[in-house]
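Asks: Give me the fold of what follows.
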Amino acid sequence: MASTGIDPEIVIGIDFGMTCTGVAYSVAPEWSQPTTIQHWPGKLGFETRNKVDTVLAYKPEGGKPVSWGFLVDHNRDDLVLQELFKLWLDPGYREEPDSQESGITIQEARASFVDYMRCLYESILAHFDDTYPRWRTRQVEFLFSVPTTWETPITIANTEGLLREAGFGSEPGHFAKISLTEAEAAAVYVSKQSYQVGDIFLVCDAGGGTTDINALKVKDNRSFRTELEPLRSVQGEAIGSTLIDYKVESIIAERLGRIAKVLRESPDRVARGMMSDRFTTYKCSFGSKLQDELDLLLPIPGLSPGMNYPAAHIQNSMMTITRDELRVVFDEMIDRVFALIDGEILKLQTSHPGDNISYLVVSGGFGSSPYLKQRLRKRYELNGRDELFNARSIRILSAKEPQLA
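Replies: Numbers count the residues shown, from 1 in each chain. Model (predicted):
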């Protein structure tokens, strides 16, 4: 796993995410803009995806996974799906009180992590075998980013051991390492945007399970590479869009419990099945102008057409979750993001008096939420807060492709 001290000829970056995982690489000597792997097992040749789903499918008796990523059939009842296991890799994570997930042990999460990374590694090998002759004989460096909350030496060491078990760094001349926290990786990504020397900016990397805050100052941008100075250690908490899913699933399960006698399966199982593409699309566009007048309507699996249960908010076999109800769920999570950002701004007043923050740059999957960006602008740009005097002129920016940061 450790570097040999020889400069790499290929650098491959892996962003292991809560719901999806991305891989990008660059090759010497040009070191051009990183290329994202876009073709994955389970997708047709003309279909491209910047990231692959972070999910595994097992037979009920366990053993090795039978499918992963886009190969997983979410409609099969004879398979056990393992998803969102990234949360439980963090020794400090505590399950949300109203989560519908049963939870897994850290040992189970590590086993799933190894299985998933082994599948990912084999897919990376296949990609390079098809595109780069004799690449296995070259010096290759695999770089991984991890959540800020994993930054203890023992957690890093344990994770590197799991990566080794999955196969990374097993070829001669290949090595792998955890090089950045996810907030630092996001900062590197957004530094490619145009900033001036002396600019101070906060990077809010809001993902599926964690949100990290990184404060940086532009020291030099005269060359092709922007030099950044970290102003404080990276701060992070378990805040993300997946926790919104938990809250909504809890609401759905509670309502289904009122009509449990007419359901073919348990309310919890039906609720989980209702967290479909329809919900994901609504969640990702929540707050956009085109969707501003629409409530969320979710079909109920197994319920005969035309059924009405007003007490469970069901009409014509569709459950309605109103915009106001979704707004309450979003606001609870966004208020926690605000607390994290406010805390960092206040600490910068003490550690760097006289310095003003120019930008708040939002990245990550949750960072692409239109509603989150609306509330950020309203709080920090339009309604400047007296106690945050070092952020009076702050401007909210998005990473050019926030879900890739």
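
Asks: C-alpha only now, for contacts and for neighbours.
Replies: Will do.

Asks: pretty sure residue 136 is in a helix, no?
Replies: Yes - Residue 136 sits within a helix when classified using DSSP: H, G, I helix; E, B strand; the rest coil.

Asks: Check the gap between it and residue 150 for me.
Replies: In this structure, residue 136 and residue 150 are 31 Å apart, going by Cα to Cα, to the nearest Å.

Asks: Next one: residue 205 from residue 148, what distance?
Replies: The separation that residue 205 has from residue 148, given Cα to Cα, amounts to 10 Å.

Asks: Mind checking which of those two has more residues around it?
Replies: Using other Cα atoms under 10 Å, the more surrounded residue of residue 205 and residue 148 is residue 205, with 29 against 23.

Asks: after whichever strand or helix holds the more buried one comes which helix or strand?
Replies: In the assignment (DSSP states H and E), residue 205 maps to strand 200-206. Moving toward the C-terminus from strand 200-206, the next helix or strand (DSSP H and E) is strand 211-220.

Asks: all helices for the protein, in order.
Replies: If DSSP state H is used as the criterion, the helices of the chain fall at 106-131, 153-166, 182-190, 241-257, 267-274, 277-285, 323-351, 370-376.

Asks: What residues sit buried inside the second one?
Replies: Spelled out, that is helix 153-166. For helix 153-166, a neighbour-count test (16 or more other Cα atoms under 10 Å) marks 155-156, 159-160, 162-164, 166 as buried.

Asks: isn't residue 174 right up against residue 140?
Replies: Yes - between residue 174 and residue 140 there is a contact under Cα atoms under 8 Å: 4.7 Å.

Asks: ok, so of the buried residues of helix 153-166, who is nearest residue 42?
Replies: Nearest to residue 42 out of those is residue 166 (Cα to Cα; 21.0 Å).

Asks: Next one, pLDDT for the closest one please.
Replies: pLDDT recorded at residue 166 is 97.

Asks: now residue 403
Replies: The predicted local confidence for residue 403 comes out at a pLDDT of 46.

Asks: Which residues belonging to stretch 140-155 are considered buried?
Replies: Across stretch 140-155, burial judged by 16+ other Cα under 10 Å covers 140-151, 155.

Asks: for stretch 309-319, that is, sorry about that
Replies: If you call a residue buried by 16+ other Cα under 10 Å, then stretch 309-319 has these buried ones: 309, 312-315, 317-319.

Asks: Quick one: residues contacting residue 253.
Replies: The neighbourhood of residue 253, defined by Cα atoms under 8 Å, 6 or more residues apart in numbering, consists of 267-268, 270-271.

Asks: let's see it at 6 Å
Replies: By Cα atoms under 6 Å, 6 or more residues apart in numbering, residue 253 lies in contact with 267-268, 271.

Asks: how much space between it and residue 311?
Replies: Residue 253 sits at a distance of 13 Å from residue 311 (criterion: Cα to Cα).

Asks: Extract the residue ranges of the stretch 101-250 of the chain that are flagged as low pLDDT.
Replies: Within the stretch 101-250 of the chain, the stretches with pLDDT under 70 are 101-103, 149, 151, 181-194, 221-226.

Asks: again, only using 50
Replies: Scanning the stretch 101-250 of the chain for pLDDT under 50 picks out nothing.

Asks: Show me which of the contacts of residue 253 is closest to residue 34.
Replies: When the contacts of residue 253 are compared for distance to residue 34 (Cα to Cα), residue 271 comes out closest, at 39.7 Å.

Asks: mind checking how far the closest one is from residue 59?
Replies: According to Cα to Cα, residue 271 and residue 59 sit 22 Å apart.

Asks: Comparing the two, which shows the higher neighbour count?
Replies: For residue 271 against residue 59, the residue with the higher neighbour count under other Cα under 10 Å is residue 271, and the figures read 24 against 14.

Asks: wait, what's in contact with the more buried one?
Replies: 249, 252-253.

Asks: Let's have the helices of the chain in a markdown table, adding distance to residue 212.
Replies: Formatted as a markdown table, these follow (distance: least, Cα to Cα, whole Å):
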| stretch | distance to residue 212 |
| --- | --- |
| helix 106-131 | 22 |
| helix 153-166 | 17 |
| helix 182-190 | 5 |
| helix 241-257 | 13 |
| helix 267-274 | 28 |
| helix 277-285 | 20 |
| helix 323-351 | 8 |
| helix 370-376 | 15 |
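
Asks: Most tightly packed of these?
Replies: Comparing the helices of the chain by mean neighbour count (mean count of other Cα atoms under 10 Å), helix 182-190 comes out on top with a mean of 24.

Asks: The stretch 1-150 of the chain: strands as residue ranges?
Replies: 10-15, 20-27, 35-36, 51-53, 55-58, 67-68, 80-83, 140-146 (DSSP state E, counting those that start in this stretch).

Asks: now those strands in CSV, with distance to residue 118?
Replies: Shown next, in CSV, are the strands of the stretch 1-150 of the chain (distance: least, Cα to Cα, whole Å):
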stretch, distance to residue 118
strand 10-15, 13
strand 20-27, 13
strand 35-36, 19
strand 51-53, 14
strand 55-58, 11
strand 67-68, 10
strand 80-83, 15
strand 140-146, 14
